[in-house]
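Trainee: Provide a 3D model corresponding to the input given below.
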Amino acid sequence: MSARTERTRAALVEAAAAQFNSVGYFGTDTNAIARAAGLGAGSFYNHFEDKLSIFLDIYRLYVTEVLALVHSQPAGWLGRKATRVEFLRALVAHHRRWQRFRASLVALAATEPAVRTVKHQQRQRQVAAVIEHVGSRARNLEEFRGDVASLIVKLEAICDGLASGELDKLGAHEARVLGALADDLGAVLAPAASG
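Mentor: Numbering: from 1, shown residues only. Take a look at the predicted model:
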């Protein structure tokens, strides 16, 4: 791929991410993405098969950002509740930045098999990355893998609920929720990291 093609593709991804985060998947069309990237309306299809394909590419980038957040934590972070809470605050902030995109992801996963497939692949990627990051010396790997997968799904759902304000409207205040999540994070991951 030429440097020009890579720059054009990157501009389309950046424009699409902004569109999806602004008006959601269903409010975005490929012509708007191309125009936002400074390109002609039909040029989108020179780089992507359809709107769903760029959406899925952006989802993969989103997961990469989440994993970078995990890997950026200081050594020993799992052993300190305050550090786990700070990590969770950063994760919720990330969900807030991507709130409209994530809402589209949830809606699409309910109806689009391709989205469910990629979402499953990305969850597997997250589980593997977390296990690699913290280690798994404390116990049976398959049991640990299941606990990590459950934790990831729980964190994702609660972060979405905090990002959208839904939990606050239900009386579940963020500081209290993050404290409980930090306890869960420590219970699942800290023994493996120190074991």
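
Trainee: any stretches of the protein with poor pLDDT?
Mentor: Scanning the chain for pLDDT under 70 picks out 1, 136-139, 194-195.

Trainee: what helix or strand is the residue most central in space within it on?
Mentor: In the chain, the residue lying closest to the centroid (C-alpha atoms, centre = their mean) is residue 63, at 4.2 Å. Here residue 63 sits within helix 51-71, counting by DSSP states H and E.

Trainee: who does that helix touch, helix- and strand-wise?
Mentor: helix 3-23, helix 30-36, helix 81-97, helix 99-111, helix 113-134 (3 or more C-beta pairs under 8 Å, 6 or more residues apart in numbering; DSSP states H and E). Backbone N, C-alpha and C define where each C-beta goes, glycine included.

Trainee: hey, which of those helices is tucked in deepest?
Mentor: helix 30-36 (a mean of 19; mean count of other C-beta atoms under 10 Å).

Trainee: residues in contact with it: which ones?
Mentor: Helix 30-36 is contacted by residues 12, 15-16, 18-19, 40-45, 48, 50-51, 54 when judged by C-beta atoms under 8 Å, 6 or more residues apart in numbering.

Trainee: backbone phi and psi for the closest residue to residue 83 other than its chain neighbours, please?
Mentor: The shortest distance from residue 83 to any non-neighbouring residue, by C-beta to C-beta, 6 or more residues apart in numbering, is to residue 77 (4.3 Å). When read as degrees, to the nearest 10, the backbone of residue 77 gives phi -60, psi -30.

Trainee: surely residue 77 and residue 84 touch.
Mentor: Yes. Counting by C-beta atoms under 8 Å, residue 77 touches residue 84, with 6.8 Å between them.

Trainee: how many neighbours does residue 177 have?
Mentor: The tally of other residues near residue 177 (other C-beta atoms under 10 Å) stands at 18.

Trainee: what sits against it?
Mentor: Counting by C-beta under 8 Å, 6+ apart, residue 177 has contacts 158, 162, 167.

Trainee: for the residue at the greatest distance from the centre of the chain, give me its contacts.
Mentor: The outermost residue of the chain, judged against the average C-alpha position, is residue 40 (30.3 Å), by C-alpha atoms, centre = their mean. By C-beta under 8 Å, 6+ apart, residue 40 lies in contact with residue 34.

Trainee: grab the CA positions of the longest helix belonging to the chain and hand them over as PDB.
Mentor: For the chain, the helix with the greatest residue count under DSSP state H is helix 141-164. C-alpha atoms of helix 141-164 as PDB (Å, rounded to 0.1, in the frame of the first residue of the first chain):
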ATOM      1  CA  LEU A 141      -5.600 -21.400  33.200                       C
ATOM      2  CA  GLU A 142      -9.100 -22.300  31.900                       C
ATOM      3  CA  GLU A 143     -10.800 -21.300  35.100                       C
ATOM      4  CA  PHE A 144      -8.800 -18.100  35.100                       C
ATOM      5  CA  ARG A 145      -9.600 -17.400  31.400                       C
ATOM      6  CA  GLY A 146     -13.400 -17.700  32.300                       C
ATOM      7  CA  ASP A 147     -13.000 -15.400  35.300                       C
ATOM      8  CA  VAL A 148     -11.200 -12.800  33.100                       C
ATOM      9  CA  ALA A 149     -13.800 -13.100  30.300                       C
ATOM     10  CA  SER A 150     -16.600 -12.500  32.900                       C
ATOM     11  CA  LEU A 151     -14.700  -9.600  34.400                       C
ATOM     12  CA  ILE A 152     -14.200  -8.000  30.900                       C
ATOM     13  CA  VAL A 153     -17.900  -8.300  30.000                       C
ATOM     14  CA  LYS A 154     -18.900  -6.900  33.400                       C
ATOM     15  CA  LEU A 155     -16.500  -4.000  33.200                       C
ATOM     16  CA  GLU A 156     -17.700  -3.100  29.700                       C
ATOM     17  CA  ALA A 157     -21.400  -3.100  30.700                       C
ATOM     18  CA  ILE A 158     -20.900  -1.100  33.800                       C
ATOM     19  CA  CYS A 159     -18.500   1.400  32.100                       C
ATOM     20  CA  ASP A 160     -21.200   1.900  29.400                       C
ATOM     21  CA  GLY A 161     -23.800   2.400  32.100                       C
ATOM     22  CA  LEU A 162     -21.600   5.000  33.900                       C
ATOM     23  CA  ALA A 163     -20.700   6.700  30.600                       C
ATOM     24  CA  SER A 164     -24.300   7.100  29.500                       C
END
